[in-house]
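A.B. asks: Return atomic coordinates for the entry below.
(one chain, ligands or ions: 1)
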Amino acid sequence: MASENGYVVGVVGATGAVGTTILEVLAKRRFPVREVVPFASERSAGKKVEFGDDKVEIRELGPETIQGLDLVLASAGGKISAEWAPKLVEAGAVVVDNTSYWRMHDDVPLVVAGVNDDAAGDHNGIVANPNCTTMQMMVALKPILDAAGLERLVVSTYQSVSGTGREAVKELREQSKAILDGKEVEAKVFPHQVAFNILPQVEQFTEGDDYTTEERKVMRETRKILDLPESVGISATCVRVPVVTGHSESVNVQTERELSPEECRELLSEAPGLVVLDDPGDGIYPLPIAVEGRDEVLVGRIRRDPSHERCLNLWVVGDNLRKGAATNAVQVAELLHERDLVRVPARA
Ligand SMILES: NC(=O)c1ccc[n+]([C@@H]2O[C@H](COP(=O)([O-])OP(=O)(O)OC[C@H]3O[C@@H](n4cnc5c(N)ncnc54)[C@H](OP(=O)(O)O)[C@@H]3O)[C@@H](O)[C@H]2O)c1
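C.D. replies: Residues are numbered from 1 along each chain as shown. A predicted model of the protein is given here:
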């Protein structure tokens, strides 16, 4: 619970692609922070990160260092969150977790701010932030679901390398330079060369499944967030492209009731957190380079699927580090604050 001067906020994974963006967004927005406590691995402990005009010393996670926190925004990977989120909750903090570990747990709400805010009311100490690819699609689909219902979704993604973290960004830069210099390239983070290439694999294939773990996340998380019954078909193909930041998606939406492209455009123009850019004849449509650093999701190329009268095609682009991760985590923190939910419920 916050004192009069605001909350003590822990940021776990504070040196990573998401963590540094959380610090940036948290400093920029007017969230009541009394103190920020950055955490990273032992490699970084003792170094400093920037928070607004301050430089704050990084800690390692430990039984003593996690005491006294009100709220924690975590993005240090699933293994760290699996182990440390319960310990942080036990120590009195509410955890907004960016990793995939807690998202599908029944007692953990999966919240896209502006889409299913009320779900946060049921938290038991942990609120999960959805996968970046799923997140931006939810912002565009919620108004369509409310206006015309959903029958089927087919999504193909074009995902940037920063979705895999800072080492992946380094790999794209190094490979691009090596290729332009006529040198051999080495693939360490991705299974193949990513520069000047596209990879029809985001994350891993698991035994007996011909969809990747990322594709499974998009399908499962979409159903949980929008509370869609099994009768609504969802199909995802996730592809990695050599873009630094900003995921793009081609979304084919089949609605229950007919929705014209004009109606859809109007609906989405009025929706919070969305910007419609849709004048393709003049070259106006969403681009990843245009969304970098923006908190809104961009949507365009809204058009009728000529093969079905109740299907529309959309092009949805979001900054995976902003609305896809950090901005949503901070917006969830804001809504927990506004609803007096920055408190760990007493256990029965
Ligand atoms: N990138 C995205 O667009 C995105 C979007 C949504 C969700 N996510 C999720 O967010 C998480 C982080 O992703 P990222 O892209 O930010 O990765 P990243 O750039 O590789 O950063 C990883 C962070 O975790 C820290 N860390 C590693 N081991 C640790 C330990 N033992 N204790 C404490 N901190 C530790 C690292 O600290 P050191 O500097 O000390 O190594 C670093 O701060 C992942 O679970 C990812 O799935 C990412």
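
A.B. asks: alpha carbons only for contacts and neighbour counts from here, please
C.D. replies: Will do.

A.B. asks: Could you list the residues of the stretch 201-348 of the chain in contact with the ligand?
C.D. replies: 320-321, 324-325 (C-alpha under 6 Å from any ligand atom).

A.B. asks: Recalculate using a threshold of 5 Å.
C.D. replies: Contact residues, the stretch 201-348 of the chain versus the ligand (C-alpha under 5 Å from any ligand atom): 320-321, 325.

A.B. asks: Which of the residues you listed has the largest number of neighbours?
C.D. replies: Sorting those by how many neighbours each has (other C-alpha atoms under 10 Å) puts N320 first, at 33 neighbours.

A.B. asks: quick revisit: next, format the residues of the stretch 201-348 of the chain next to the ligand as a markdown table and append distance to L274.
C.D. replies: Below are these laid out as a markdown table (distance: C-alpha to C-alpha, whole Å):
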| residue | distance to L274 |
| --- | --- |
| N320 | 14 |
| L321 | 16 |
| A325 | 16 |
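
A.B. asks: for those residues, which one is nearest E167?
C.D. replies: L321 (14.5 Å; C-alpha to C-alpha).

A.B. asks: Spell out which parts of the stretch 1-150 of the chain neighbour the ligand.
C.D. replies: Contact residues (C-alpha under 5 Å from any ligand atom) of the stretch 1-150 of the chain with the ligand: 13-18, 40-41, 43-44, 75-77, 98-99, 132.

A.B. asks: Would you show me how to pick out the buried ones of those in ChimeraX?
C.D. replies: A single ChimeraX command selects the buried members of those (16 or more other C-alpha atoms under 10 Å):
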select :13,14,15,16,17,18,40,41,44,75,76,98,99,132
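
A.B. asks: among the residues of the stretch 1-150 of the chain next to the ligand, which are in strands?
C.D. replies: Using DSSP state E, the members of these that fall in strands are A40.

A.B. asks: any low-confidence regions in the stretch 201-348 of the chain?
C.D. replies: Applying pLDDT under 70 to the stretch 201-348 of the chain flags the ranges 347-348.

A.B. asks: and the most far-flung residue of the chain relative to its centre, what does it touch?
C.D. replies: Residue farthest from the centre of the chain, counting by C-alpha atoms, centre = their mean, is G182 at 35.8 Å. By C-alpha atoms under 8 Å, 6 or more residues apart in numbering, no residues touch G182.

A.B. asks: so what pLDDT did it get?
C.D. replies: We have a pLDDT of 98 for G182.

A.B. asks: Correct me if wrong, but it is in a strand.
C.D. replies: No - judged by DSSP: H, G, I helix; E, B strand; the rest coil, G182 forms no part of a strand; its state is coil.
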